[in-house]
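**Q** okay, here's the prediction I keep looking at, along with the sequence it came from:
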Amino acid sequence: MTPTVSASGLSLHYGGTRALDDVSLRLTQGVTGLLGPNGAGKTTLLRVLATAVSADRGAFTVLGHDPGSAAGRQEVRRRLGYLPQTPGFHPDFTAFEFVDYVAILKELTDRTARHREVRRVLDEVDLADVRGKRIKKLSGGMRQRVALAASLVGDPGFLVLDEPTVGLDPEQRMRFRELIARAGEGRTVLLSTHQTEDVAMLCHRVLVMAAGTVRFDGTPAELTARAAGHVWNSAERDPGAKAGWRTGVGSFRNVGDPPPGADLVEPSLEDGYLLTLDGKGAEVATA
Ligand SMILES: Nc1ncnc2c1ncn2[C@@H]1O[C@H](COP(=O)(O)OP(=O)(O)OP(=O)(O)O)[C@@H](O)[C@H]1O
């Protein structure tokens, strides 16, 4: 598939902190997950790609446009939807007023067309019924859907979502998953999350970041496969395991380097992620 977003050598320092260290990537249509521990640089990468902050070094293009110039930046912004980690809601706004406000910022000047677009995006996230409600009266899940609606204004080709499911209960998360999957049809979505399950369920591709660098770039199945032969059951916690815990059925599930003859079990994407962070197979695979 042709890449829609390409970045090479992105680096960004905050004082002595290397938030991004020579990050290169190519995204295609569909949902790509971005995993990494706290402080890995995920938000910084999203903010750079969303043109909210400039990298010290490196370059990138979004849908053929280079934000290196003011004109290019404007073209990128026209094609971009961004749901930041903490959307800046005005709690007294209704859902409609908030999304309308975002639409004005996105230069939709014609009032009738803009209001049609606001209704369209609120419909798209199944919020048509509550568009006249004040944001402070909405549940956490509904608020996140309002933020998603705002990011969909103007039908952007590139959608950047920063931990959109954080704090949602399982039902709300599943509902949100549905919406993200829908949003990923025909567009490029980059989804930062701590939920390995979201990545396993939603993404055609996953990037793992740690300490400002990309440690893995491949499919969720490839990330899971990294843990093949490294997860085993035992009656007692295996002292040689990197992680091990008693499961609900009483046996221990261990992750790491198994002893000879261990009772190997199917790994999960989370196992592959943990072992990647641990340095096992930390080289960047090419997708
Ligand atoms: N505005 C800033 N000023 C100074 N340091 C910053 C700033 N933003 C981020 N950092 C630092 O850059 C590094 C990467 O932070 P970033 O927020 O990108 O990580 P993250 O992977 O998104 O973490 P989390 O999962 O906790 O959101 C961290 O060490 C962080 O403290």
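**A** That came in fine, so what should we check first?

**Q** for Met174, give me the pLDDT.
**A** At Met174, the model reports a pLDDT of 89.

**Q** what number of residues lie near it?
**A** For Met174, the count of nearby residues is 13 (other CB atoms under 10 Å). Using the backbone N, CA and C atoms, a C-beta is placed for each residue, glycine as well.

**Q** so it versus the ligand, what's the distance?
**A** According to CB to the nearest ligand atom, to the nearest Å, Met174 and the ligand sit 22 Å apart.

**Q** that's a helix at that residue, yeah?
**A** Yes: according to DSSP: H, G, I helix; E, B strand; the rest coil, Met174 belongs to a helix.

**Q** which of the residues in stretch 58-68 are classified as buried?
**A** By 16 or more other CB atoms under 10 Å, the buried positions in stretch 58-68 come out as 58, 60-63, 65, 67.

**Q** same question but for stretch 95-104, I mixed them up
**A** 95-100, 102-103.

**Q** then stretch 233-244?
**A** Going by neighbour count (16+ other CB under 10 Å), the buried part of stretch 233-244 is 233-234, 238, 241, 244.

**Q** re earlier: so which of the buried residues of stretch 95-104 are in helices?
**A** Secondary structure from DSSP state H places 95-100, 102-103 of the buried residues of stretch 95-104 in helices.

**Q** show me the protein divided up by domain.
**A** 1-79+156-219, 86-155, 229-266 (automatic domain parsing).

**Q** what's the offset of the longest one from the middle of its chain?
**A** What separates the centre of domain 1-79+156-219 from the centre of its chain is 6 Å, taken as CA atoms, centre = their mean, to the nearest Å.

**Q** now do the same end-to-end measure for that domain.
**A** For domain 1-79+156-219, the separation between the terminal residues is 14 Å (CA to CA, to the nearest Å).

**Q** can I get the buried residues of stretch 95-104 in TSV with distance to the ligand and pLDDT?
**A** Formatted as TSV, the buried residues of stretch 95-104 follow (distance: CB to the nearest ligand atom, whole Å; pLDDT from 0 to 100):
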residue	distance to the ligand	pLDDT
Ala95	26	95
Phe96	30	95
Glu97	29	95
Phe98	23	94
Val99	25	95
Asp100	29	95
Val102	23	92
Ala103	27	94
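
**Q** would a markdown table of those with distance to Thr109 be doable?
**A** Listed next are the buried residues of stretch 95-104 as a markdown table, based on distance: CB to CB, whole Å:
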| residue | distance to Thr109 |
| --- | --- |
| Ala95 | 21 |
| Phe96 | 18 |
| Glu97 | 17 |
| Phe98 | 18 |
| Val99 | 16 |
| Asp100 | 12 |
| Val102 | 14 |
| Ala103 | 10 |
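
**Q** now, the most widely separated pair of those?
**A** Pairwise distances across these (CB to CB) peak at 12.5 Å, for the pair Ala95 and Ala103.

**Q** picking up where we left off before, so which of the buried residues of stretch 233-244 are in strands?
**A** Applying DSSP state E to these, the entries found in strands are 233-234, 241, 244.

**Q** what's near enough to touch the spatially most central residue of the chain?
**A** In the chain, the centroid-proximal residue (CA atoms, centre = their mean) is Leu191; its distance is 1.6 Å. Leu191 makes contact with 31-34, 161, 164, 180, 198-199, 202-203, according to CB atoms under 8 Å, 6 or more residues apart in numbering.

**Q** from Ala147, how far off is Asp271?
**A** Distance, Asp271 to Ala147, by CB to CB, to the nearest Å: 32 Å.

**Q** repeat for Val166
**A** Val166 is 12 Å from Ala147, by CB to CB.

**Q** how about Glu197?
**A** In terms of CB to CB, Glu197 sits 21 Å off from Ala147.

**Q** ok, those two, which is more surrounded?
**A** Ala147 (24 against 15).

**Q** helices and strands around the helix or strand harbouring that one, which ones?
**A** In the assignment (DSSP states H and E), Ala147 maps to helix 140-152. Applying 3 or more CB pairs under 8 Å, 6 or more residues apart in numbering; DSSP states H and E, we find helix 140-152 packed against strand 80-83, helix 95-105, helix 111-124, strand 158-162, helix 170-183.

**Q** give me the number of residues near the closest residue to Thr247 other than its chain neighbours?
**A** Counting by CB to CB, 6 or more residues apart in numbering, Thr247 lies nearest to Arg253, which is 5.2 Å off, once chain neighbours are set aside. Applying other CB under 10 Å, we find 20 residues neighbouring Arg253.

**Q** since that was my last question, I'll sign off now.
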